[in-house]
Each structure stands twice: as structure tokens, then as C-alpha cells.
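[1] From the sequence below, what's the structure:
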Amino acid sequence: MGKKVLLFVLTFFTVVMLGTVSYAFQFVMSTSSDIHEDIDRNPKFEERLKNINFKDGDPISVLIMGLDSRPGEKSGRADSLILLTINPHSKSTHMVSIPRDTYTKIKGAAEDKINSSYQAGGTEMTIYSVENLLDVPVDYFVKVNFKSFEESVDALGGVEVNNDLDFTFENVHFSKGRLKLNGKEALKYARMRKLDPRGDFGRQKRQRQVIEALIQKGASTSSITKFGELVKVVEKNVKTNMTFNDMWRIQSNYKVARENIQQHKIEGSDKIIKGTYYYMPDKKELRKVSNNLKKHLELNGNDF
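    Coordinates of the predicted model:
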């Protein structure tokens, strides 16, 4: 059920970052005070944020967190984690889906599944765990609860994807080829895992398909009615450490980054430890992903 989170939060973030200027301005003006959430970061990261120059297009990173908690609940798991690095200089965005069962260090605790980090210590600990795993800084986060994904997709008029696997899931048949999906269909399309021989990686691929479709749809949306509908959905379901000025400057200076979206996969293997399933990242492959992200963020050796 948590897989709808990925799709919903990208509706918010990419409309702000990539949307039509006049409507994006209205969007962030309407939602910024309701969705802002401060977090405690150490001085090193606070200094990095202060030094980001949006006008010059300094590359930034954004962690998308999909939570399995309900509104008002403090507990829950980070069921879906995607890190975006956004570089307007190269006109590209890099996207890494982190398998929820990834075995990694949780701050203040022993190694565990990365999706337990939120339950153990909230937003701050989840960010720490992702930074520790990928060895890159997380500048911003956008987190969302389960509610209202279907409405957000429908508010944009649905999405189109190219399906490479014929399957039926929860009484809906998805044939191979180009499909146009409404909110309910997009949710089911992105949630299916057990019928896919690729397992969770097949599901992640479908999630990324819908994310890319939302990016393009959000960027081309020109209806003030659709933006009004998105405002109502977002203000109740999204939290971020971005300020209004952050959102507006990203929207103004980073839209070109949508021109090339590159996806990275964390290679690894399955392992059972004391009866519990974990996904064990291959250290060499993980280092490759980390180095690609560092290069995309234009980090020097001592920057992080």
C-alpha cells in the first residue's frame, strides 16, 4: 500500500520544481506555511544549505520519503525512499530507489532494514541512514503519508506509461504497451510485486515510470483548476524542510533538469538473518552509485 507515496509526493515536488511559472507560484504560496517542517541538522549540513546558490544552479539533493503511518501518527516506517540529485548545469536529474529491506547502519542502533529508521528516530534518523548508505548529503526532504494519492493523479488528468509486463492485479488487467491510467489504476500498477518475476525491482521500475510521467504531466499542466485541486491534496499530506523561497528558486532555476532523468539501481543479494529477510547491497556496486551521485552533485573529495 505504501507504494502510492512515491507517486503522490512527486506530483507535489515536480509541480513546484518544473511546473508552469504562474501556477507554481500560486501553488507554493498556498501551501508553503502548511507543509513546512524544521528538522535538527548538525552545523556541517546547516552550513552546506546556507551556501547553496540557487541562482547559480548549485546541484541539490532531495530525499523523497513515503511513510506507512497515518496522519497524526509519529510512528511508522519509511516504506519508500527515493533520492533525487538535481543538476541544472548538466540539465539532468538522477534518481535512486533504495530497497526498503536494505541492510544498513541505523544511527544509535545496530544494523537493520533501512525502512525501520523512521520508526526508530523520525525524519532525522532516516536522513542520516540514507546519507550513511550512499555517502552523499541530503539537502532537502519531502515526506508524505498514504492518504489521497488517487486524487493527486486524477487532479492531473491521469498518467501514461509503457507497460512491459502483461498482468492482472486486484481485478484490473494491465496489457503490454502504452497505457493511460487514472489514480486507482496508477496505484495498482505501481503496487504490484508478487506477479512480477523481477520482484521488488520490477515494482520499482513501474514506480519510476509513473514518477517520470508525473514530472512531464506536471510540467505541462496549464489549468488553474488542476493546481487548485493539487493544493487541497498536498497541504494535508506533505511535509518538507523547503521554505517558500527555496521552492520558488528551485522552480525558477532548475526546470531544465527534467530534460534527462537517469535511474540508478542498487545491486545486491537476498539474505536471511535469524529468520528475517534483508537485501544486502553489493559494496562495489554501491560505491559506483555513490560516486555517480557525488559527481552529479559536483562534490569534491572533502565536501562531504
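
[2] Sort out which residues of stretch 103-110 are buried, please.
    Within stretch 103-110, the residues that count as buried by 16 or more other C-beta atoms under 10 Å are 103, 104, 106. C-betas here are computed from N, CA, C, even on glycine.

[3] Nearest to residue 55, out of those: which one, please.
    Among those, residue 104 lies closest to residue 55 (C-beta to C-beta), at 35.6 Å.

[4] Quickly find the element holding that closest one.
    Residue 104 is located in strand 103-105, with elements delineated by DSSP states H and E.

[5] what's that strand in contact with?
    111-114, 129, 132-133, 271, 273, 278-281 (C-beta atoms under 8 Å, 6 or more residues apart in numbering).

[6] change it to 6 Å
    111, 114, 132, 133, 278, 280 (C-beta atoms under 6 Å, 6 or more residues apart in numbering).

[7] Show me what the first one is bridged to.
    Each beta-bridge partner of residue 111 is listed here, defined by DSSP bridges: residue 105.

[8] and residue 87, what does it touch?
    By C-beta under 6 Å, 6+ apart, the neighbours of residue 87 are 59, 296.

[9] which residues pair with residue 93 across the strands?
    Going by DSSP bridges, residue 93 forms beta bridges with residue 86, residue 261.

[10] I'd assumed residue 256 was in contact with it.
    No. The criterion here is C-beta atoms under 6 Å, and residue 93 misses it with residue 256 at 9.9 Å.

[11] Counting neighbours, go ahead and name the busier of the two.
    residue 93 (27 against 17; other C-beta atoms under 10 Å).

[12] Quick check: that one vs residue 99, distance?
    20 Å (C-beta to C-beta, to the nearest Å).

[13] and stretch 157-172, how far from the chain's centre?
    21 Å (C-alpha atoms, centre = their mean, to the nearest Å).

[14] Show me the contact partners of that stretch.
    174-176, 178-182, 185-186, 188, 192, 195, 209-210, 213-214, 217.
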